[in-house]
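A.B. asks: compute the structure for the input listed below.
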Amino acid sequence: MAENVTVARPYAEAAFALAEAGNALPGWQAALARMAAAAADPQMIECIADPRVSSGALAELFLGVVGELSPEQRNFAGVLVDNRRLAVLPEISVLFDELKNAREGTREAVVSSAFPLNDGQLANLLADLERKVGGKVKASVKVEPELIGGVRIALGDQVIDASVRGKLNAMAISLKN
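C.D. replies: This next block holds a predicted model:
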């Protein structure tokens, strides 16, 4: 995985520079997400890995699957095909998102909750997180019943565990010591 990220980083930076120059960050983000999804499809993975599939045929197939792209995005995809780098598109997409978030001062959080959160609860939680980190926070919410109650928030490499399961685990560890 680390090797893929190393290979993907220059491509993500190049795509970001093109998107920024064209004032088209959201369009590039959406296009890269579509390209990453297409490149991660099991059938596409087979075609990408097959050395018998020519670059031209692979490019035609890939661009047909991805759908509408701007001329710059098509050229970018063509460079990836020519350099046999379609397999790292998921990493390119993730790195592009990180660059875009850094540019906008936004951090991503994964909120895991034992029960579905309503809009008001999520808004309050995000407001508290934004005050804590001093910037904008985008959250994706996952329901994990095994948490029993409460929430666990992963914000980058920081984890805030306010779940019942987390508190029970902490209590069990302290009782063993």
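A.B. asks: would you map the strands across the protein?
C.D. replies: 106-113, 136-143, 150-155, 158-163 (DSSP state E).
A.B. asks: need the ones you listed in CSV (columns: mean pLDDT and mean neighbour count).
C.D. replies: In short, each C-beta sits where N, CA and C put it, glycine included. What follows is those, written out as CSV (pLDDT from 0 to 100; neighbours: other C-beta atoms under 10 Å):
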stretch, mean pLDDT, mean neighbour count
strand 106-113, 91, 18
strand 136-143, 92, 14
strand 150-155, 91, 18
strand 158-163, 89, 14
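A.B. asks: could I get those as CSV with distance to Met35?
C.D. replies: CSV is the format used below for the strands of the chain (distance: least, C-beta to C-beta, whole Å):
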stretch, distance to Met35
strand 106-113, 20
strand 136-143, 20
strand 150-155, 26
strand 158-163, 30
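A.B. asks: closest to Cys47 out of those strands?
C.D. replies: Among those, the nearest to Cys47 by C-beta to C-beta is strand 136-143 (30.1 Å).
A.B. asks: just the CA trace of that closest one, in CSV.
C.D. replies: What follows is strand 136-143 as a C-alpha-only set of coordinates in CSV (Å, rounded to 0.1, in the frame of the first residue of the first chain):
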residue,chain,number,x,y,z
LYS,A,136,-14.0,23.0,9.0
VAL,A,137,-14.7,19.3,9.4
LYS,A,138,-16.5,17.0,6.9
ALA,A,139,-17.9,13.8,8.5
SER,A,140,-19.0,10.5,7.2
VAL,A,141,-21.2,8.6,9.6
LYS,A,142,-21.2,4.8,10.1
VAL,A,143,-23.6,2.9,12.4
